[in-house]
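*Asks:* Predicted model follows, preceded by the sequence.
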Amino acid sequence: MALFKKKELSEAEKERGVGLLNSIRIVVNVLYALLIFQAFLILPRPDDPLLEYNSLSQIYADNLMQLLVIVVGLILIIIYWIQFNLLLGNIKRSSPMHAVLALLQVIFLMIYLYFLRFDIEYDGMTLALQMESIFLALAGFVGAINWRYARSRGLTSDRITNTEELEIFYRVLSEPIAALFTLPFAVYGPDIWTLAFLSIIPIGLILKWARKKEIEKMHKA
């Protein structure tokens with residue numbers, strides 16, 4: 001359809017795209033900072049009237065699983081933040097669709113954090129764990145799709161090669177695939193579900209092998 005065909009941009013449209021890219025970087029980085037801040041707010045607070053502990057070590061000992069869940073959540077949010085900056089590192093300008101996808105990725109992470117609070121408050125509710133897996137996966141896949149979209153629309157730097165484009169694409173797939181892998185493990189409780197995230201190691205190795213094969217195939221073509 002003609003509506004979706006790539007068209008030649010005017011210099012004014014390119015300039016607006018550069019301005020939009022700068023706005024996305026500022027807005028999304030601020031949102032990631034808020035996500036990290038909100039994750040810390042979930043930690044047990046010493047001024048909570050419901051807490052009756054004699055020592056700090058007792059607080060951590062009695063809430064060990066909750067702390068582990070929060071730490072995993074923080075690590076995943078930081079990983080996605082690093083990925084976001086990686087994906088935008090070779091972008092020279094943005095577009096309305098690119099901006100929408102970038103913001104959608106952060107929205108999915110916000111929803112993930114929302115269900116993380118349910119997970120902690122209701123002691124590993126199965127539905128909360130499943131929603132965490134789903135929205136983590138959605139956030140990662142949206143980021144990967146946005147990278148491919150940016151590449152196909154000429155939004156990336158002319159200096160990036162096809163090999164580098166594939167390397168970045170495969171690099172950001174490990175986390176969402178691992179999140180999707182953890183989905184069925186939610187029914188076995190938060191301990192097994194959290195351990196299922198270790199699947200990111202073999203998944204990363206498989207993706208590395210697949211990336212190497214595709215690059216070799218591309219060079220032979």
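*Replies:* Thanks, I have the structure now.
*Asks:* center of the chain - which residue?
*Replies:* The residue lying closest to the centre of the chain (C-alpha atoms, centre = their mean) is Tyr80, at 3.6 Å.
*Asks:* any residues touching the helix or strand where that one lies, and which ones?
*Replies:* Assigned by DSSP states H and E, Tyr80 belongs to helix 64-88. Outside helix 64-88, the residues within contact range by C-beta atoms under 8 Å, 6 or more residues apart in numbering are 21, 24-25, 28-29, 32, 35-36, 39-40, 42-44, 60, 102, 105-106, 109, 112-113, 116, 119-120, 124, 136, 139-140, 143, 146-147, 150, 168, 171-172, 175, 190-191, 194, 197. For glycine as for every other residue, the C-beta is placed from the backbone atoms N, C-alpha and C.
*Asks:* can we see that at 6 Å?
*Replies:* Tyr32, Leu35, Ile36, Ala39, Ile42, Leu116, Ile120, Gly143, Trp147, Val172, Glu175, Thr194 (C-beta atoms under 6 Å, 6 or more residues apart in numbering).
*Asks:* Looks like Phe141 contacts Pro176 (just checking).
*Replies:* Yes - using C-beta atoms under 6 Å, Phe141 is in contact with Pro176, at 4.8 Å.
*Asks:* of the two, who's got more company?
*Replies:* Between Phe141 and Pro176, Pro176 has the larger neighbour count (other C-beta atoms under 10 Å), namely 22 against 19.
*Asks:* I figured that one hits Ala137, correct?
*Replies:* Yes - proximity of Pro176 to Ala137 meets the contact threshold set by C-beta under 6 Å, at 4.5 Å.
*Asks:* what residue ranges in the chain score low on pLDDT?
*Replies:* Low-confidence segments of the chain (pLDDT under 70): 1-11, 13, 43-65, 124, 221.
*Asks:* quick one: buried residues of the helix holding Tyr80?
*Replies:* The neighbour-count check on helix 64-88 (16 or more other C-beta atoms under 10 Å) flags 66-67, 69-70, 72-74, 76-77, 80-81, 83-84, 87-88 as buried.
*Asks:* How about stretch 98-118?
*Replies:* Within stretch 98-118, the residues that qualify as buried are 98-99, 101-102, 104-106, 108-109, 111-113, 115-117, counting by 16+ other C-beta under 10 Å.
*Asks:* again with stretch 163-172
*Replies:* Of all the residues in stretch 163-172, those buried under the rule 16+ other C-beta under 10 Å are Glu165, Leu166, Glu167, Ile168, Phe169, Tyr170, Arg171, Val172.
*Asks:* likewise stretch 200-214?
*Replies:* Across stretch 200-214, burial judged by 16+ other C-beta under 10 Å covers Ile200, Ile203, Gly204, Leu207, Arg211.
*Asks:* what residues does stretch 14-27 touch?
*Replies:* Contact with stretch 14-27 is made by Arg93, Ser94, Ser95, Ala99, Ala102, as judged by C-beta under 6 Å, 6+ apart.
*Asks:* quick one: Asn90 and Asp158 touch, right?
*Replies:* No - using C-beta under 6 Å, Asn90 makes no contact with Asp158, being 9.7 Å away.
*Asks:* neighbour-wise, which of the two wins?
*Replies:* Asn90 (18 against 8).
*Asks:* Can you name the residues that contact that one?
*Replies:* The contact partners of Asn90, by C-beta under 6 Å, 6+ apart, come to Thr156, Ser157, Ile160.
*Asks:* Contacts only, for the first one.
*Replies:* By C-beta under 6 Å, 6+ apart, the residues touching Thr156 are Asn90, Ile91, Ala150.
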